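Peer 1: Just the structure for this:
(2 chains)
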2 protein chains.
Amino acid sequence: MNNIPYKIYLDEAELPKQWYNLRADMKNKPAPLLNPATLQPMTAQELSGVFCEELVKQELDETTPYIDIPQEIQDYYKTFRPSPLMRAYNLEKALDTPAKIYYKFEGNNTSGSHKLNSAIAQAYYAKQQGLKGVTTETGAGQWGTALSMACAYLGLDCKVYMVKVSYEQKPFRREVMRTYGASVVPSPSMDTAVGRKILQEHPGTGGSLGCAISEAVEVATSIPGYRYVLGSVLNQVLLHQSVIGLEAKTALDKYGIKADIVIGCAGGGSNLGGLIAPFVGEKLRGEADYRILAVEPASCPSFTRGKFAYDFCDTGMICPLAKMYTLGSGFIPAPNHAGGLRFHGMSTTLSQLYHDGLMEATAVEQTAVFAAAEQFARIEGILPAPESSHAIKATIDEALRCKETGEEKTILFGLTGTGYFDMYAYEAFHDGQMTDYIPTDEDLAPGFATLPKV
Amino acid sequence: MNNIPYKIYLDEAELPKQWYNLRADMKNKPAPLLNPATLQPMTAQELSGVFCEELVKQELDETTPYIDIPQEIQDYYKTFRPSPLMRAYNLEKALDTPAKIYYKFEGNNTSGSHKLNSAIAQAYYAKQQGLKGVTTETGAGQWGTALSMACAYLGLDCKVYMVKVSYEQKPFRREVMRTYGASVVPSPSMDTAVGRKILQEHPGTGGSLGCAISEAVEVATSIPGYRYVLGSVLNQVLLHQSVIGLEAKTALDKYGIKADIVIGCAGGGSNLGGLIAPFVGEKLRGEADYRILAVEPASCPSFTRGKFAYDFCDTGMICPLAKMYTLGSGFIPAPNHAGGLRFHGMSTTLSQLYHDGLMEATAVEQTAVFAAAEQFARIEGILPAPESSHAIKATIDEALRCKETGEEKTILFGLTGTGYFDMYAYEAFHDGQMTDYIPTDEDLAPGFATLPKV
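Peer 2: Alright, predicted model coming up:
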């Protein structure tokens, strides 16, 4: 018998007291955000119009490797962390693989995902600054739920612009946010100049994350006492999400386990960046080697088919320019794609790491992802989110490769959340009505045409 | 600072290896099930037509205090247990109460509730007996989901009769069960004689648990290789659910904490019976004293307004008679009532304990329950199931009483599950469209008229 338990829980005393800032160990730093008007790096002062001051500091800090987690955030983390590091004994057995599979499960909180790790941090700093509230966008709804929870806890007002197609397909998500006191607006809306413009140009559009971002930013910068917060892409978000990787690493170290491969799904990069942070840190410092694998949807393939270029993060082109792997801010993902991971760009930090060959990426198709999700649910019990299931699919493929080669690799993957609010997508899958979509080069061209000339 | 963590997790080695059979310590045993035809106690042989043999043994065993948990069930438990014992620091602070509040949270698994504890046990024994599959009913859907998960894991066929109103209001629950490979039929259905009869007499009925039970039993007893399994009420279910109380007790003992009051919601009694088992055991053996409080909906008040009498467990009157607090098998709960806890009867074990003055009961109204649920969600983070929120409401009332009197009572309550699939009910609450219903004595009369003359 193996003495590694099914679930490794750290004690409260073992929880991280500092976040790890991966950029401090990177030789090639991620390129700075640029002011879209001047094409000069955004200053702290410029960013402070949009973001809280402390978060601006974190966004720009490329040198401090460890940043203290304020006690109040640590206390809130204790209400839902540590998340368990699970050993997938049943999956290993079902696949008959010599590989050892671990997953860090972030879904055991009401937001249903890892998003709460950064939501509470961003809400905390907004509160510290004496703000009245925050605005944000949400796609699949995890981020909006997480932010609503954090704001309810701290007594902050919360306005969420929710991608219209998700708003309509996920009324339950909306009700969860309302339970926590948030106001939820389908985007594009008539509330904002950018929303009205998009509705005029594309009547009946289901919206996009990029468009919802534009609306949330417009509102945050036009109402006094409000700032904008974002659930992915930004350096500050990856910083907060490092608790995922730090906990996972501590749990593995405790049992003397060395991962060979670390796998995560990639939309904007929040989960992946957090999960891999301490592993990539060791890699950058030459202390250990790991294979790092990003898994993205074939229908929105920023890493595998995007360009490494400066681009807008939003459709309205009012946000700073970020240098990243991108399909262009004008890229609209296929409506048939379920769940998140629909963002046209990617974290600048992860983009730089990928560009420098420190990580790999692969793209997987939707029906294969849902087949892996259902297989996983039946074997491991947990009903995974569509996003997380991208990592499951890649993990199963890797474990089956180990079966062929006989290699006893240790795989760690990020199970970012649960699929309880994605049952329409599961229903489509069960009814054989789910389709795959792999854009042709021609399909991608309109998005690339929106790339700014920088 | 307090050295009790927000969440107490036991180690795998500390998990229960035996279930606790409360009946062994009861002086007044629960009355036996009667054969409805002969009015004689049901024999093991008679019960074996409906239930697996090992489960029949457990159902009838009134003398063995501890029963070994088979290793395979223990292993499955490890995939989702231990459940955390949470210290409600934030709720205590928000209520400004000297009371210390703990809750055993059973919602961190895909079934969303404690139901999985018994589902895996019942499915395991069915598999051991070489059966092909099992049938059951489900109301709110937690039990059906739990059984689907257990059957998927063990490779058993699973047929679920789902109360029609829930089937229609909760399409997502149905899809979760389909994900795990179960077949889900809205009840009453045309599949069964009893279903056809009820549809003829009450066309357009939304169904009831009692009716769904009748259908599931009819199918189980008419298809070879199938047996019926039940998620509540039965002694065997309370036995399996004792893991809740045993874990909670071990966790409290580990930190030297003595509960004064143990509070749980009561529908058929599965959660309450499991949670209170070791505490009532100590009480019965004269080792310690606890106040035990059952909380039921005012719209379905079996304990507080029912009769202690022999009654059918199902509407079709094909099940054995059980002596319990009951509103009559003909009682149809008001359609406005959200969530579970709609069963007309109550566990025979709990009924006997209540009759003997070993526990108390109280009834609470629906809108007050949802107000408590929302308050709890905002403060503690977890979005509770409507069922569990009955216990939350009673706990908050008790904590506020402590505030008045200054008593530093230690309260333990059972948070049986999450409300992710109950967002229509939350929506009705948010929109001010939720109503209360307290039946008059006249409303209860038709149910009592269906009580058999025993």
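
Peer 1: tell me the contacts of A:L55?
Peer 2: Neighbour list for A:L55: A:122, A:125, A:229, A:236 [criterion: C-beta atoms under 8 Å, 6 or more residues apart in numbering or on different chains]. For the C-beta atoms, the positions are set from N, CA and C on the backbone; glycine is no exception.

Peer 1: tell me which of the residues you listed is nearest to chain B?
Peer 2: If you rank the contacts of A:L55 by distance to chain B using C-beta to the nearest C-beta, A:Q122 comes first, at 16.3 Å.

Peer 1: so what's that closest one closest to, chain neighbours aside?
Peer 2: Closest residue to A:Q122 apart from its sequence neighbours, by C-beta to C-beta, 6 or more residues apart in numbering or on different chains: A:V229 at 4.3 Å.

Peer 1: contacting residues for that neighbour?
Peer 2: Contacts of A:V229 (C-beta under 8 Å, 6+ apart): A:51-52, A:55, A:119, A:122-123, A:126, A:134-136, A:147.

Peer 1: interface residues of the stretch 301-450 of chain A facing chain B?
Peer 2: A:374, A:377-383, A:418, A:420-421, A:423-424, A:426-427, A:430 (C-beta under 8 Å from any C-beta of the partner chain).

Peer 1: Spatially, which two of those are the most separated?
Peer 2: A:I379 and A:Y424 (23.4 Å; C-beta to C-beta).

Peer 1: Among the two, which residue is more densely surrounded?
Peer 2: Neighbour count, other C-beta atoms under 10 Å in any protein chain shown: between A:I379 and A:Y424, A:I379 has more, with 19 against 14.

Peer 1: Using the three-state scheme, assign the more buried one.
Peer 2: helix (DSSP: H, G, I helix; E, B strand; the rest coil).

Peer 1: Measure how buried the closest residue to A:Y153 other than its chain neighbours is and give me the count.
Peer 2: For A:Y153, ignoring the flanking residues on the chain, the nearest one in space by C-beta to C-beta, 6+ apart is A:Y76 at 6.6 Å. Other residues lying near A:Y76 total 26 when counted by other C-beta under 10 Å.

Peer 1: Check the one 10 residues further on too.
Peer 2: Other residues lying near A:M86 total 21 when counted by other C-beta under 10 Å.

Peer 1: Report the secondary structure element holding it.
Peer 2: strand A:85-87 (DSSP states H and E).

Peer 1: elements contacting that strand?
Peer 2: strand A:7-8, strand A:100-105, helix A:235-254 (3 or more C-beta pairs under 8 Å, 6 or more residues apart in numbering or on different chains; DSSP states H and E).

Peer 1: Redo the ones you listed as JSON lines? Include mean pLDDT and mean neighbour count.
Peer 2: Formatted as JSON lines, those follow (pLDDT from 0 to 100; neighbours: other C-beta atoms under 10 Å in any protein chain shown):
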{"stretch": "strand A:7-8", "mean pLDDT": "96", "mean neighbour count": "20"}
{"stretch": "strand A:100-105", "mean pLDDT": "98", "mean neighbour count": "25"}
{"stretch": "helix A:235-254", "mean pLDDT": "98", "mean neighbour count": "25"}
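
Peer 1: Out of the ones you listed, which gets nearest to chain B?
Peer 2: strand A:7-8 (7.1 Å).

Peer 1: hmm, back to that, and the contacts of A:V229, which of them are in helices?
Peer 2: A:55, A:119, A:122-123, A:126, A:147 (DSSP state H).

Peer 1: What are the phi and psi values at the spatially most central residue of chain A?
Peer 2: For chain A, A:S270 is the residue whose C-alpha lies nearest the centre (C-alpha atoms, centre = their mean; 3.3 Å). A:S270 has phi and psi values of phi -70, psi -50 when expressed as degrees, to the nearest 10.

Peer 1: and the spatially closest residue to it that is not a sequence neighbour, how far is that from A:P301?
Peer 2: Closest residue to A:S270 apart from its sequence neighbours, by C-beta to C-beta, 6+ apart: A:S232 at 3.9 Å. Distance of A:S232 to A:P301, computed by C-beta to C-beta, to the nearest Å: 17 Å.
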